[in-house]
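S.K.: have a look; sequence and predicted model below, questions after that.
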Amino acid sequence: MTVAAIVQPNLVKFNVVGQDRQAIIKQLATLYLQEGVIGDVDEYIAAVNEREQEGTTGVGGGIAIPHGKADTVTRSAVAIAKLAQPVEWQALDDQPVEYVFLLAIPNDGDNEHLKLLSELAGTLMDDDVRAKLQAATSSQDLEQIFEK
Amino acid sequence: MSRKLIAVTACATGVAHTYMAEKALIQQAKKMGVLIKVETQGATGIGNRLNAKDCQIGEAVIFATDTKVRDSDRFEGKKILQVNVSDPIKNAQKVIEDALALADQN
């Protein structure tokens, strides 16, 4: 399996509107609920926020990769959002965040899918991938970045 | 001859930062002409495990870890640079330079 196998079109959103980090996380968590990735929004968000408090998930280059590991997560998933307006994320490079990759991690997930999430996270360090994120003008463009 | 470093990356959840730090170190080392082998200690187990030979060859070890390093007795007697897993993601060049400087210390 390749990274593309874990990128679902229904979980890729372009020009997501939200005033801050919490608003964005809430929206994507609600999307997860609709898609059956999680069973409980509050439980999932609590896990995401717990991780945020340990240290920022804003990794620089306008990218954040928040993640929540919880019982309420039914399967490994990633929700990808290009924000309409960058939001503050206390990122490592002090720049606001424009691309959010919210990971859903089950407590008893199979290794294969977890590995795909890890691989996806790794690709976000590629200059090439970062340039493609900047160039994307639609959710289809975002999906295609990971189809290789 | 190229400089040689080894590294271990690990984060609390073991899914994202471990692998971003790995990629950051590998990409930056390549730019600097430094040979590096990076072991990932993540939720899916250990990746690119550093063997006895790797540990012998590495001039210094970078621990980019927010959790306890597994099997750390492999690195006994080595010069170890301990940083947070986010440090290479933020500035891999500084981490590598610091590790090389540590290796050069008597």
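M.R.: Sure thing, it's come through.

S.K.: name the SS class of residue B:7, please.
M.R.: Secondary structure, DSSP: H, G, I helix; E, B strand; the rest coil: residue B:7 is strand.

S.K.: setting aside sequence neighbours, what's the nearest residue to it?
M.R.: Counting by CB to CB, 6 or more residues apart in numbering or on different chains, the nearest residue to residue B:7 once its immediate chain neighbours are dropped is residue B:62, at 3.8 Å. (Each C-beta comes from the backbone N, C-alpha and C, glycine too.)

S.K.: mind listing residues that contact stretch B:51-64?
M.R.: Contacts of stretch B:51-64 from elsewhere in the structure, counted by CB atoms under 8 Å, 6 or more residues apart in numbering or on different chains, are B:3-10, B:21, B:25, B:37, B:50, B:69, B:74-75, B:78-85, B:87-88, B:95-96, B:99-100, B:102-103.

S.K.: state the pLDDT value of the residue nearest to residue B:7.
M.R.: With respect to pLDDT, residue B:62 scores 98.

S.K.: that one belongs to a helix?
M.R.: No - with three-state DSSP as the criterion, residue B:62 is assigned strand and is not in a helix.

S.K.: distance of it relative to residue B:34?
M.R.: As defined by CB to CB, to the nearest Å, residue B:62 lies at a distance of 11 Å from residue B:34.

S.K.: what does stretch A:39-57 rub up against?
M.R.: When contacts are defined by CB under 8 Å, 6+ apart, stretch A:39-57 is touched by residues A:21, A:25-26, A:29-30, A:32-33, A:38, A:64-74, A:89-92, A:102, A:104, B:12-13, B:16-17, B:66, B:84, B:86.

S.K.: just those residues: which are in strands?
M.R.: Counting by DSSP state E, the part of the contacts of stretch A:39-57 found in strands is A:64, A:67, A:68, A:69, A:70, A:102, A:104.

S.K.: and the helix or strand hosting residue A:112, C-alpha only, in PDB?
M.R.: Per DSSP states H and E, residue A:112 falls inside helix A:111-123. What follows is helix A:111-123, C-alpha atoms only, in PDB (Å, rounded to 0.1, in the frame of the first residue of the first chain):
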ATOM      1  CA  ASN A 111       0.500  -1.400  11.900                       C
ATOM      2  CA  GLU A 112       0.000  -1.200   8.100                       C
ATOM      3  CA  HIS A 113      -2.300   1.900   8.300                       C
ATOM      4  CA  LEU A 114      -0.300   3.500  11.100                       C
ATOM      5  CA  LYS A 115       2.800   3.100   8.900                       C
ATOM      6  CA  LEU A 116       1.000   5.000   6.100                       C
ATOM      7  CA  LEU A 117       0.300   7.900   8.400                       C
ATOM      8  CA  SER A 118       3.900   7.900   9.500                       C
ATOM      9  CA  GLU A 119       5.000   7.900   5.900                       C
ATOM     10  CA  LEU A 120       2.700  10.700   5.100                       C
ATOM     11  CA  ALA A 121       4.100  12.700   8.000                       C
ATOM     12  CA  GLY A 122       7.600  12.100   6.700                       C
ATOM     13  CA  THR A 123       6.700  13.400   3.200                       C
END
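
S.K.: elements contacting the next helix or strand after that helix?
M.R.: Next in sequence after helix A:111-123, counting helices and strands by DSSP H and E, comes helix A:127-135. Identification of packing neighbours for helix A:127-135 by 3 or more CB pairs under 8 Å, 6 or more residues apart in numbering or on different chains; DSSP states H and E yields helix A:139-145.

S.K.: roughly how far apart are the spatially most central residue of chain A and chain B?
M.R.: To find the centre residue of chain A, average its C-alpha atoms and take the closest one (CA atoms, centre = their mean): that gives residue A:101, at 1.7 Å. Residue A:101 sits 8 Å away from chain B, going by CB to the nearest CB, to the nearest Å.

S.K.: the closest residue to that residue other than its chain neighbours: how many residues sit nearby?
M.R.: Counting by CB to CB, 6+ apart, residue A:65 is the residue found nearest to residue A:101 once chain neighbours are left out, at 4.6 Å. In terms of burial, residue A:65 registers 23 neighbours under the definition other CB atoms under 10 Å in any protein chain shown.
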